[in-house]
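A.B. asks: how does the following fold in three dimensions:
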Amino acid sequence: LKSVRGLTFTVFLQSYRDIEILMRAKSTNDFYAFYDRFIEKYSAHIQEKEFSLATRVYIMRHAYLHKSQSAIILDQNRSETIDGTDEKILGLLIKNARMPTVEIAKKTGLSPTTVKYRIRQLQKNQILKGFMPVLNTAMLGYETYKVLIDMSNPGKKKTLVQLLLMNQHVTKITELIGKNDLEIKADFRSVMDLEKFLRDLRTKVPEIKNFDAIPVAKDA
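C.D. replies: As a prediction, the model looks like this:
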């Protein structure tokens, strides 16, 4: 599955879920083409499955490390067309966001000036929205959790999102259409910190009906 373009995985611990597959698809046809192949190959190993549509994603810095919080917002407000050269540049940056412009130029056959211009245009068109480090938070003493939230009044989701955007533990928020209303990714030093976080959320947003906190074993 790792060879399939556009897929990422989360492996869970201590949960009725074993694995989460995130797929970026251009159309429902693309999704079902993958899904049919996946089920045909792995159905014997699957007991239950759930589907959700991510409508908006907020990716935050690790504010608990540097006390500064901001969010990169990914949504579906419009589409842009890029050419094969831009695809090559993005592919190189995905593998190594710190790759020097001169090296990108060598690999693409462009001049460094052209590479810089194309990257600026990708940023201007909000296709390339930021560069962020991938941390091994376990080595820093943190455990990562995914928290799935159901709300009695989904109309209050915006209030909850604004509250989460200010929380230093939260590194990702995903608005969903499906069984859950929100999915949160957050890092904590202890289970007590997680419990306090969840209590505070319920106190401040009583419209939270239920939540499920799942330790993350691995992201890939």
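A.B. asks: so what's the gap between the helix or strand Ile89 falls within and the chain middle?
C.D. replies: Secondary structure from DSSP states H and E places Ile89 in helix 84-95. Its chain's C-alpha centre and that of helix 84-95 lie 19 Å apart, by CA atoms, centre = their mean, to the nearest Å.
A.B. asks: same deal with stretch 47-63?
C.D. replies: 6 Å.
A.B. asks: which positions within that stretch qualify as buried?
C.D. replies: Ser52, Ala54, Val57, Tyr58, Ile59, Met60, Arg61, His62, Ala63 (16 or more other CB atoms under 10 Å). Quick note: C-beta positions are derived from backbone N, CA and C, even for glycine.
A.B. asks: how about these in CSV, adding distance to Asp187 and pLDDT?
C.D. replies: Shown next, in CSV, are these (distance: CB to CB, whole Å; pLDDT from 0 to 100):
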residue, distance to Asp187, pLDDT
Ser52, 22, 91
Ala54, 20, 91
Val57, 17, 93
Tyr58, 15, 94
Ile59, 14, 93
Met60, 11, 90
Arg61, 12, 85
His62, 7, 89
Ala63, 10, 90
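A.B. asks: what packs against the helix holding Ile89?
C.D. replies: helix 101-108, helix 112-124 (3 or more CB pairs under 8 Å, 6 or more residues apart in numbering; DSSP states H and E).
A.B. asks: need the next SSE after the helix or strand of the chain with the lowest mean pLDDT, C-terminal direction.
C.D. replies: Across the helices and strands of the chain, mean confidence by mean pLDDT, DSSP states H and E is lowest for strand 7-12: a mean of 84. Using DSSP H and E, the helix or strand that directly follows strand 7-12 along the chain is strand 19-23.
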